[in-house]
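**Student:** what shape does this take:
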Amino acid sequence: MYLKPIARINISVPIPPTMRVAGSTISTWEIMDKIRELILPDEFVFLRLLKSAGELYRFEGELESKAIARSCLTRLDNALIRMETTGHEFRLRAADAKLPYPTRTEWETFFRESKGMNETKPGERADTIHVEGLPIRWFQAKQNPMQAVQAAAAAIGPTGLPLSSTNSSIDDKENKPSIEILQQVFAVFGEIRCCDIPILDPYRLLNGTNVPIQQDTTFDAYIQYNEYIGFVKAMDACRNMKLMLIDDTNTAYTASIKVDFDRTRHLSDRMIKKRRIEQMKTTEMNKLKQADTQRLKDEDERRREIERLRIELQDAEAEDIVGGSKDITKDTRRRQREEKRRLKRLERKRQHEEKTLAMKIAIEERKMLIAHRKLESMRLLEELFNRVKVQIAQV
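**Tutor:** Reported below is the predicted structural model:
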């Protein structure tokens with residue numbers, strides 16, 4: 001993977017006061033077609049409208065390289081276009097686009113003025129970058145041929161028909177980015193202390209609800225460096241850049257990414273512990289739900305089995321009566337006694353399983369209560385420390 005400079009220009013079309021007639025409109029599509037004609041044989045990667053007002057139209061276009069962008073600027077700046085529909089002429093103004101990107105002054109000011117930040121602790125200083133828009137397919141671990149054959153065999157199944165559950169599990173595994181590949185890519189700027197990809201955690205809380213984060217074709221990542229110089233190199237290298245991948249066929253692909261310094265203390269020790277506790281709570285809740293579902297399923301199966309045995313016993317008694325037997329034979333009495341003993345065994349087994357399951361549920365609830373108390377104690381200690389800091393600052 002490589003970093004490729006973003007070659008983007010702004011084109012302004014000022015409208016003279018004599019042409020500003022109330023209710024009149026100018027075709028932006030026609031203006032864009034005229035702009036495309038002026039840069040031929042070069043072409044825009046994209047050309048879009050940024051601002052549409054009565055006195056000014058502003059467009060933004062991206063080209064393949066900086067050299068092509070400079071050549072197009074000389075052809076577009078101060079160029080005259082004539083509208084075929086109205087006959088009006090407009091003079092263009094073109095310049096390099098200024099892309100928003102954080103500067104060193106911004107992150108130094110942020111961490112200096114933010115409350116609750118401690119420069120001696122990782123995650124609470126300028127050491128973590130937040131990257132958005134990374135393509136998932138570029139960061140997937142490649143399968144060797146044998147693994148691909150095994151995955152295909154598992155997906156087809158022994159009957160030759162596709163298995164939907166197996167396919168879904170394989171797809172979920174293959175559609176995940178690899179944190180190892182992410183570390184290899186960004187380790188060129190410095191030694192990495194920690195990385196986090198939120199979509200790899202299926203129980204990551206979103207807006208305070210137990211809703212898994214939905215993944216698309218891209219993902220976000222947090223990369224934390226051991227040294228400040230690694231963070232600075234990464235921020236400076238990604239300034240006004242996009243990611244480029246060259247595959248085995250020597251075909252180049254590009255992806256626009258957004259890079260910023262972390263403003264949320266995402267990889268601080270406190271936030272990492274908080275996410276682990278929340279994950280433990282969610283896992284325990286899921287275990288309780290699964291245990292309860294399994295208990296209801298087992299109870300339903302036992303009820304059906306007992307009902308089936310009772311019906312068989314009644315049928316056997318009815319057959320004896322219909323056959324004209326006045327006295328119950330020894331075999332019939334023995335069969336009835338066996339059925340009764342079997343029913344009693346099933347009932348004792350059901351009661352024992354219910355007690356065992358109730359004990360397991362109680363243990364899981366105890367674990368969840370302990371995790372909840374740990375989280376509450378951390379929050380209480382944090383609030384106490386903040387109050388102490390405020391009182392010390394007031395003194």
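**Student:** so for stretch 297-314, mean pLDDT?
**Tutor:** The pLDDT scores in stretch 297-314 average 80.
**Student:** for this protein, name the helix or strand with the lowest mean pLDDT.
**Tutor:** With mean pLDDT, DSSP states H and E as the measure, the helix or strand of the chain carrying the lowest mean pLDDT is helix 164-174 (a mean of 48).
**Student:** continuing past that one, what's the next helix or strand?
**Tutor:** The first helix or strand that comes after helix 164-174 along the chain, using DSSP states H and E, is helix 179-186.
**Student:** list the helices and strands that next one packs on?
**Tutor:** When contacts are defined as 3 or more CB pairs under 8 Å, 6 or more residues apart in numbering; DSSP states H and E, helix 179-186 packs onto strand 192-196, strand 218-225. Using the backbone N, CA and C atoms, a C-beta is placed for each residue, glycine as well.
**Student:** and for the longest one, what's in contact with it?
**Tutor:** In this structure, residues lying in contact with strand 218-225 by CB atoms under 8 Å, 6 or more residues apart in numbering are 122-123, 127-136, 139, 177, 182-183, 186, 189-199, 231, 234, 255, 262, 266-267.
**Student:** whichever of the residues you listed end up buried, select them in ChimeraX.
**Tutor:** Listed next is the ChimeraX selection for buried residues among the contacts of strand 218-225, using 16 or more other CB atoms under 10 Å:
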select :122,123,127,128,129,130,131,133,134,135,136,139,177,182,186,189,190,192,193,194,195,196,197,198,199,231,234,255,262,266,267
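**Student:** using PDB, write out every CA atom in stretch 31-44.
**Tutor:** In PDB, the C-alpha atoms belonging to stretch 31-44 read as follows (Å, rounded to 0.1, in the frame of the first residue of the first chain):
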ATOM      1  CA  ILE A  31     -21.100  24.900 -16.800                       C
ATOM      2  CA  MET A  32     -19.600  21.600 -15.800                       C
ATOM      3  CA  ASP A  33     -19.600  20.400 -19.400                       C
ATOM      4  CA  LYS A  34     -17.800  23.500 -20.500                       C
ATOM      5  CA  ILE A  35     -15.200  23.100 -17.700                       C
ATOM      6  CA  ARG A  36     -14.600  19.400 -18.800                       C
ATOM      7  CA  GLU A  37     -14.100  20.600 -22.400                       C
ATOM      8  CA  LEU A  38     -11.500  23.100 -21.400                       C
ATOM      9  CA  ILE A  39      -9.200  20.500 -19.800                       C
ATOM     10  CA  LEU A  40      -9.300  17.900 -22.600                       C
ATOM     11  CA  PRO A  41      -7.600  15.500 -23.200                       C
ATOM     12  CA  ASP A  42      -7.400  15.300 -19.400                       C
ATOM     13  CA  GLU A  43     -10.400  14.200 -17.300                       C
ATOM     14  CA  PHE A  44     -11.700  14.800 -13.800                       C
END
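**Student:** how about the strands in the stretch 251-395 of the chain?
**Tutor:** For the stretch 251-395 of the chain, the strands defined by DSSP state E, counting those that start in this stretch cover 252-255, 258-261.
**Student:** please tabulate the ones you listed in TSV and include distance to Arg302 and mean pLDDT as additional columns.
**Tutor:** Shown next, in TSV, are the strands of the stretch 251-395 of the chain (distance: least, CB to CB, whole Å; pLDDT from 0 to 100):
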stretch	distance to Arg302	mean pLDDT
strand 252-255	56	91
strand 258-261	57	95
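**Student:** list the backbone torsions phi and psi for Tyr101.
**Tutor:** With angles defined as degrees, to the nearest 10, Tyr101 sits at phi -160, psi 140.
**Student:** please identify the most buried of the strands of the stretch 251-395 of the chain.
**Tutor:** Stretch with highest mean neighbour count among the strands of the stretch 251-395 of the chain: strand 258-261 (a mean of 17; mean count of other CB atoms under 10 Å).
**Student:** chain center to stretch 291-308: distance?
**Tutor:** The chain centre lies 38 Å from the centre of stretch 291-308; the measure is CA atoms, centre = their mean, to the nearest Å.
**Student:** buried sites along it?
**Tutor:** 295, 302.
**Student:** what do you get for stretch 365-373?
**Tutor:** Buried, per 16+ other CB under 10 Å, within stretch 365-373: 367-368, 371.
**Student:** can you pull the contacts of Ile15?
**Tutor:** Counting by CB under 8 Å, 6+ apart, Ile15 has contacts 26, 54-57, 90.
**Student:** which two in these are spaced the farthest apart?
**Tutor:** Gly54 and Phe90 (13.7 Å; CB to CB).
**Student:** circling back to that earlier point, just put the contacts of Ile15 in CSV and tack on pLDDT.
**Tutor:** Putting the contacts of Ile15 into CSV (pLDDT from 0 to 100) gives the following:
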residue, pLDDT
Ile26, 77
Gly54, 72
Glu55, 80
Leu56, 86
Tyr57, 90
Phe90, 86
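**Student:** return the members of those classed as buried.
**Tutor:** Buried members of the contacts of Ile15, scored by 16+ other CB under 10 Å, are 26, 57, 90.
**Student:** in helices, which of those appear?
**Tutor:** Under the assignment DSSP state H, the buried ones among the contacts of Ile15 contribute nothing to helices.
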